[in-house]
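Participant: Next input, structure requested:
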Amino acid sequence: MNWEILATIISVTVFRLVWIVRRPVHRDITSYIFPGLRNLRKIVKYAPDFSYVPYGLIWYGVNVPIVRLGRYNGRFWMGALALIDAVFLGYIFQALGLTVFFSYVLIGTFQLLRAPWNSSINWLIMLAPINWIFLLLAPIAKFPVGLPVQVWRYTGRAVGHQHNYIYFGLLGTLWLIVFSHLYLLPSVESWIVIGLGVVWCFIFAYAFFERRARRRESVGKAPSNIILGKNEC
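Facilitator: Down below sits the predicted model:
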């Protein structure tokens, strides 16, 4: 590993850690992720009143030790994920090359800071050079394989919730990039990476303008709601 790659890994990791320390912990971590990681018995035995995070037993097996080590502190969990990810960055450059490395820097950073619960899924995908079985284990870990059948209905809700399609899509993109690197010709891999990059530029642009439009709409409704309230009084 040359010094440029090492410097990149250190810089990316420092940026991630500073972001984690300075920004508030994602509310989904405390409201949905940690309750599931705390209550494995309810996860394995279906409880209708419990709010499920629809991931597989493999995902729980990876994340439970980390959150218990940090006593269910969201910032500690994210920081630990960032440090583990730094090790993976070095491994990715050695095992998968520069293109996959920079793809992972972008996708992995976005996922860690916006949806850290997907980091362990990323790791499974990146272990594919060791054995192709990890490409199969990644989606098995992402979906509630090993949990009661009733939990699968939460998966449909999760995909359609807010911008979750972006997080699912990025996992699929990372999976395709690794698959193409391992099993397709280099020229084909390059076109796939370029094509996916262009597609994601449009997706993020759409998400940005959609969010901006919603904010304007909510701001526009606020004064009218105040006026209506006064009239009713």
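Participant: after the helix-or-strand element of the chain with minimal mean pLDDT comes which helix or strand?
Facilitator: Least confident element among the helices and strands of the chain, by mean pLDDT, DSSP states H and E: helix 152-160 (a mean of 70). Next in sequence after helix 152-160, counting helices and strands by DSSP states H and E, comes helix 164-183.
Participant: Other residues contacting stretch 188-204?
Facilitator: Stretch 188-204 has contacts (Cβ atoms under 8 Å, 6 or more residues apart in numbering) with Thr99, Ser103, Ile166, Gly169, Leu170, Thr173, Leu176, Ile177, Ser180, His181, Leu184. For glycine as for every other residue, the C-beta is placed from the backbone atoms N, C-alpha and C.
Participant: swap in stretch 4-11?
Facilitator: Against stretch 4-11 from outside (Cβ under 8 Å, 6+ apart): Ala86, Leu89, Gly90, Phe93, Phe101, Val105.
Participant: quick one: low-confidence parts of the protein?
Facilitator: Applying pLDDT under 70 to the chain flags the ranges 47-52, 156-162, 220-233.
Participant: which among the contacts of stretch 188-204 gets closest to Ile140?
Facilitator: Nearest to Ile140 among the contacts of stretch 188-204: Leu176, at 17.2 Å, using Cβ to Cβ.
Participant: Check the gap between the closest one and Asn39 for me.
Facilitator: From Leu176 over to Asn39 the distance is 34 Å, taken as Cβ to Cβ, to the nearest Å.
Participant: The two: which has the busier surroundings?
Facilitator: Taking other Cβ atoms under 10 Å, Leu176 and Asn39 do not tie; Leu176 has more neighbours (17 against 13).
Participant: Alright, that wraps it up for me.
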